[in-house]
Every structure is written in C-alpha cells, then in structure tokens.
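Q: For reference, the sequence and a predicted model appear below.
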Amino acid sequence: MRTEYQIIVIGGGHAGAEAAWAAANLLREPGSVALVTANPARIGAMSCNPAIGGLAKGQLVREIDALGGLMGLAADASGIMFKMLNTSRGPAVRGPRCQCDKEAYAKEVQRLIHSRPEIDIIPGMVDDFIIEADRCVGVVISPPSKKKPLPVSSLCAAATEMERRADEQTFDENEIPRELRAGATVLTTGTFMRGLMHTGENRTPGGRFGEAPAIGISKTLKRLGFELGRLKTGTPPRLDKRTIDWESLPAQFGDERPMAFSDLSGRAPDRTSSMPTLGAFPLLEQHACRVTHTTPLIHSVIRANLDRAPIFSGLPNGKGVGPRYCPSIEDKVVRFDRDQHTVFLEPEGLGSDWVYCNGISTSLPADVQQAIIRGMPGCDKAEILRLAYSVEYDMVRPHQIHATGMTKKYPGLFLAGQINGTSGYEEAGAQGLVAGVNAVRFSQDKSPWTLGRDEAYIGVLMDDLVTKTPTEPYRMFTSRAEHRLLLRADNSADRLTPMAIELGLLDTELGMLRQQLFQQRRRELQSINGEIDSRVVEGEPLSKSIKRPEFGEDELRSALEGTYEDSAISTAHADRSYADYVVRQKNEIKRQNELENRTLPSSIEYVTIQGLRKEAVEALTRFTPATFGQAGRLEGVTPADLSIIAVHVRREKSKPKSAVTDV
C-alpha cells in the first residue's frame, strides 16, 4: 500500500480531474499522483447542466485544452449538440458550447484518468491535514461513507443508470491508507462541505443527489484558521421525455459546421507522413433541444408560494447566497417584470429519457414544481423524474489564496473549484489546472506559474478571486475581461500552447500530437497572412477589403488560393479585422505591466504606513496583494494610496542594512 506521493488531489469533480491530469502531465512517473475521492464511479460527473462551454466559459475550455487539459476532449467525445453563441456579434464575444451526453462525458473523463499510470485512485474522505512547520505535508483519510443520504424528496427520487452503478461500488477498508504524504495537496470539495439540499420544507444533508456531505473538512479548515463563507447553487427538475409533447415544441438546432473544443478532436497521426489528419467529428449523433416557456399563471403560482422556497425566503438553514447570473425561477419572477421566461428542454443523453429543464432552477416544494411544469406548453402531461433542489455549502474566502491556488497560511495546500466561491464546471476546471501545475512546481521548488489578465481568461478568473472576495458564486463573463479582443476562443492555442510546451505540459504522447498540430497551424496562419498581404481582389488589396464589416470569413475563404483549416481562417480574419484596436490594446497593456510587475514585500505592515486611509489598510491587510497591480484592483484602494505605498517601499529599500559585528 503506497502512502507517499508527489501530489495529492482531493475530489474527483471537474477541478480535481484537471488538477490530477495536469500533475500527471508534468510528472510522468507511475504512482506519483493520488486522487482521493468518495466514489471513483462518480469522477467527472455532471452534477447539474449536461453542457460544457458558453459565453466566456467556452473560452475557458479552449484555454484548458491549449494547456493540455482534458475538459475539451471529454466534451467533444460526448457532445450531442454543438453551437457557437453570439454569432451576430464580433469574434471577441462569441462562445462555443456543447450539449453533452452526461454519462458519456463522465465515462470519457474516467477513461482518460484511468489511462494514466501516474494517477492512483483512492476511495476515501479526507477529514484532516498533516501540518508540519506550518506546511501541509499530507492528509488523513477515512473510508467512504456507507450511509446514503435520504432522497431530496420522497416524491420523484429516480436515479440515473450511472448513479445506480456508483451506489453499487464497494470498497475494502483494509486497502485504504489512513494517511498519505506528499509534496503538495490540492483540495477540490465542490458543493460537499457541510452541503445541505433544499426542496421546499424538506432538507437533506448532501452535496448532490444521493451523496453524503463532507462534514469533517469544514471543521478542520475552521480550526486551521481559515475564514469560511456560505453559498448556494440550484438545479432544475428533470423530466421524462416520453411524457412531453416533444414534436409540438420549437426546435433549437446546433451548428451545421460544429467547432470542436479540443484541437485534438477528430485528429489522428497519419502513419504515412509526419502530420496528423482530420477524422470524423463530431463522434456522436447530434440532437436538437426544444424550447418552451413559463406563463403569467405560473408566475402567479410562484408568487403565492414564495414563503415555501427556503433559499429565496431566508427561512432557517437557508443561509447561502445564490448566483445572481443564474437565478432561480422565483428570483426571476420577483426581479423581472415579464409575462414569460424561456425554458430550454435539453436531453441528458442519447440513450436516456431524462430531460434537463434549463431556466427553472428552484427550491420550491414538489406540488409547486408540478404546477410549474404542467403549466408550460408541451408539458401538460410531463412527469418529473427528479425534483429541483438547491444546495447550500461552505466555501473558503479566496482572499486567503494566491493566484496560484496555494493558500497563504499553509504552503503546500492548494484550493480549486467551488471551494473558492466559483460556479460552473469550466471555472472549476480552469482552477484545477492552475493548482495542479503549481502544486507540482511547489513540490519541485520551482517558481510559481500564473497567467496575466492580458494572457488568458484563466488569468482574469484567478486575479478576480484573489482581489475580490465573492459575495455570490463567481461566474466568468466576457465583460470581466478588459482585453477580450486578444483573448478569443479561436486563438487560445496561439496564446497558450507555447507556454504549455515551455512548462512541460505537452511532453506526453497526446502532447506531442498537439505540438504537431500547433506547428501545422502556425504554418497555415503564416501562409494565409502572406496571401492577405500580397493579393488584390477586384482591384482592391485584400488587406484593405478584410477590414470592411461586410467582408466575412466566407469572403476571405473565397479570396484565398490555398485550402486552409476553418479555424485558421477564423483567426486570420479576426486578427485583421481587429488589427487597429489590438495595437491600441497592446500599448495599454505595456503601460499596465509596469505596475503589474512591481512586487510588494510580503512583510509589509500597511497599518504602519502614515497617510494610508483606513479603508485601504483594511483591504490591503485582508488580501495581502503580491503586486502593485493586484493592490490597485482592490476595492477601497485608490491611486493616491498606491503612491503612498510606493514611497514607503522606496524608503524601506534605501535604509542601510544593519551592520553585523563579529563577537
């Protein structure tokens, strides 16, 4: 029984899977990564929406892929409807999204994780950390809980096939180590820390349907001095497709030419040459969603029962703060004066009759949920397979971590995912990758790796977490990225794959294929740009025509003599269309980098700095920013405060060092 590893990852959700995968990519040594999870059969499970990507979230997935991650691969292998969102607007704010077969997605994540000899999967619950000299050097493990939580409600408590298989998992407690030691540990608890599920007055301890909460870890973190918060998230009802008048409802189709999340999808090495070739994509049969909506009558039913929605009304135990940007249906009815709200009926899989009702997340009781469903067009006979429920859970206020994911209190302990106050698979996966990379680098005494706000949406995410404590679950938006003209989904590989190569993330078989594809893409872009600069179309230089609004990607494709990949044409078109704006943005970034690269001493005591306002002192002491750039983004810190700090730092540096006298 192995008890020593280089890296320990706790939790098998989206953050945990990416952390373990990234660590394996860097270490490439069998048995170097321990992935501890309560139930290995639930690794990669899609707890809520069976979809990956969306506005800004799609950019995150593309960036994860460019850095050698697994989320894009799993999404492409299980996608049943691919759609580029926001196509009526510019490339900077478009976002790829795909509807997934949720069981196929989890199976693909599990297949990928099991394919790595570097990763040992250990069933168990982590209740405590081993702290030595204020450094985390390991964890204490207890066997997985055999006690199954009660269903969310006695009504409509069906389980999916994957959940039934997971429940049948058995473990030999004698084969589970009681302690594990490692150079670094990544904690990814999702919504399980003191998780409590709500459906009306019914409350059930649990992190998600059918799974017990993690109680001990919350107590441990509090004992270790971490400041915890309480958040909530929700999920809508699932319906039986056979009971919906499916064909009577408007269909929403995917794109005719779907874009893959991963540059590797549909690719295989050509055995007759050194270059990869294009294969079949997408892999699965594509399905449309259906669209329905709420009605004024439904809204009146909701208003009449607001006191029965515990998370909304703030009844006892309904303490968590919910996501403003993914509100419950009761929130929408109260906040927005509309006659109806759109509801997307999304199949959860090809071989499943389960349908996800995107748009009516709620914690209302069973009878009200039934009235809501039966009141929607096409659903007057619909049967609920699982009631909607809300989950409230503990999180760690992220001002207590660095942009690497490592905690400030205990070096060697990293946090990633919803434990940091975020919402969504994509945000979790991005944090997991960052934490996994930095956990390895920390264990090897290498310098930390971070991404700037001008380099990636992942950089924006991590910077926002360490400079703005979330008061609600944090969700990524294109509006959060001030340099979004540079951070498009189409150019993720151009921005980040060279960085992945330098870090050593692509020194695997898959990584080598990715490097080949990247070099091929570089050659294509060089050739396209050469044609744009040299060709004249209908008496006008192509380099001038491409800047006209009506000159789209199809026009560029027709104007080129060579045959190129769609993705390369999209990037070249966007680069040229935005060229003037990009120059301005890059100049602005240069000016900002002066502040961003100026580090602040970790030993600085802001309370001793004369002239610094009390509000600034409180914010700076709470967040302990690493750079002047981070300090400037804190709420309560003004440019005048930064000037005072700069003077203080210069004075401290100019002070003569104390003389050392030999005795």
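A: All right, it came through fine.

Q: Surely residue 284 touches residue 78?
A: Yes - using CB atoms under 8 Å, residue 284 is in contact with residue 78, at 6.8 Å. C-beta coordinates here come from the backbone N, C-alpha and C atoms, glycine included.

Q: who has more neighbours, these two?
A: Taking other CB atoms under 10 Å, residue 284 and residue 78 do not tie; residue 78 has more neighbours (28 against 16).

Q: how much space is there between the more buried one and residue 57?
A: Counting by CB to CB, to the nearest Å, the separation of residue 78 from residue 57 is 16 Å.

Q: number of nearby residues for residue 229?
A: Counted with other CB under 10 Å, residues neighbouring residue 229 total 16.

Q: and the strand or helix carrying it, which residues are buried?
A: Assigned by DSSP states H and E, residue 229 falls within strand 228-235. For strand 228-235, the neighbour count (16 or more other CB atoms under 10 Å) marks 229, 231-235 as buried.

Q: what's the answer for stretch 72-92, then?
A: Within stretch 72-92, the residues that qualify as buried are 72-85, 90-92, counting by 16+ other CB under 10 Å.

Q: CA-only coordinates of it, as PDB, when you get a sec.
A: The C-alpha trace of stretch 72-92 is given here as PDB (Å, rounded to 0.1, in the frame of the first residue of the first chain):
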ATOM      1  CA  GLY A  72     -12.300  19.800 -24.100                       C
ATOM      2  CA  LEU A  73     -11.500  16.200 -25.100                       C
ATOM      3  CA  ALA A  74     -14.300  14.900 -22.900                       C
ATOM      4  CA  ALA A  75     -16.800  17.400 -24.200                       C
ATOM      5  CA  ASP A  76     -16.000  16.600 -27.800                       C
ATOM      6  CA  ALA A  77     -16.300  12.900 -27.200                       C
ATOM      7  CA  SER A  78     -19.700  13.200 -25.600                       C
ATOM      8  CA  GLY A  79     -21.200  16.200 -27.400                       C
ATOM      9  CA  ILE A  80     -24.700  15.800 -28.900                       C
ATOM     10  CA  MET A  81     -25.300  19.400 -30.000                       C
ATOM     11  CA  PHE A  82     -22.500  22.000 -30.700                       C
ATOM     12  CA  LYS A  83     -23.400  25.600 -31.100                       C
ATOM     13  CA  MET A  84     -21.400  28.900 -31.300                       C
ATOM     14  CA  LEU A  85     -23.100  31.500 -29.200                       C
ATOM     15  CA  ASN A  86     -23.300  35.200 -30.000                       C
ATOM     16  CA  THR A  87     -22.500  34.800 -33.700                       C
ATOM     17  CA  SER A  88     -24.300  38.000 -34.500                       C
ATOM     18  CA  ARG A  89     -21.600  39.900 -32.700                       C
ATOM     19  CA  GLY A  90     -17.800  40.000 -33.100                       C
ATOM     20  CA  PRO A  91     -15.400  37.100 -32.600                       C
ATOM     21  CA  ALA A  92     -14.200  38.500 -29.200                       C
END
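
Q: average pLDDT for it?
A: For stretch 72-92, the mean pLDDT works out to 94.

Q: Off-centre distance for that stretch?
A: Centroid separation for stretch 72-92 versus its chain: 15 Å, with CA atoms, centre = their mean, to the nearest Å.

Q: likewise stretch 398-412?
A: Taking mean C-alpha positions (CA atoms, centre = their mean), stretch 398-412 and its chain are 18 Å apart.

Q: Can you get me the start-to-end distance on that stretch?
A: 16 Å (CA to CA, to the nearest Å).

Q: Tell me which helix or strand comes right after the longest helix along the chain.
A: In the chain, taking DSSP state H as the definition, the longest helix is helix 509-534. Once the chain leaves helix 509-534, the next helix or strand it forms, by DSSP H and E, is strand 536-537.

Q: Show me the contact partners of the very next helix or strand once past that next one.
A: On the C-terminal side of strand 536-537, the nearest following helix or strand under DSSP H and E is strand 540-541. For strand 540-541, contacts defined as CB atoms under 8 Å, 6 or more residues apart in numbering pick out residue 535.

Q: cool, stretch 165-183 as well?
A: With CB under 8 Å, 6+ apart as the contact definition, stretch 165-183 has outside contacts at 1-8, 34, 36, 39-42, 122-124, 130, 137-144, 148, 159, 210, 412, 439, 442-444.

Q: What is the burial count for the nearest residue to residue 196 once chain neighbours are set aside?
A: Nearest residue to residue 196, sequence neighbours excluded (CB to CB, 6 or more residues apart in numbering): residue 392, at 5.2 Å. Applying other CB under 10 Å, we find 25 residues neighbouring residue 392.

Q: what does residue 562 give?
A: 9.

Q: Phi first, then psi, for it.
A: Dihedral angles of residue 562 (phi, psi; degrees, to the nearest 10) stand at phi -80, psi 170.

Q: Can you give the domain ranges for this structure?
A: With domains defined by automatic domain parsing, the chain comprises 4-143+176-229+394-503, 239-253+288-387, 606-662.

Q: which residues in the stretch 301-450 of the chain form strands?
A: For the stretch 301-450 of the chain, applying DSSP state E, counting those that start in this stretch gives strands covering 342-347, 354-358, 384-386, 389-396, 413-415.

Q: just those strands: most buried one?
A: strand 413-415 (a mean of 28; mean count of other CB atoms under 10 Å).
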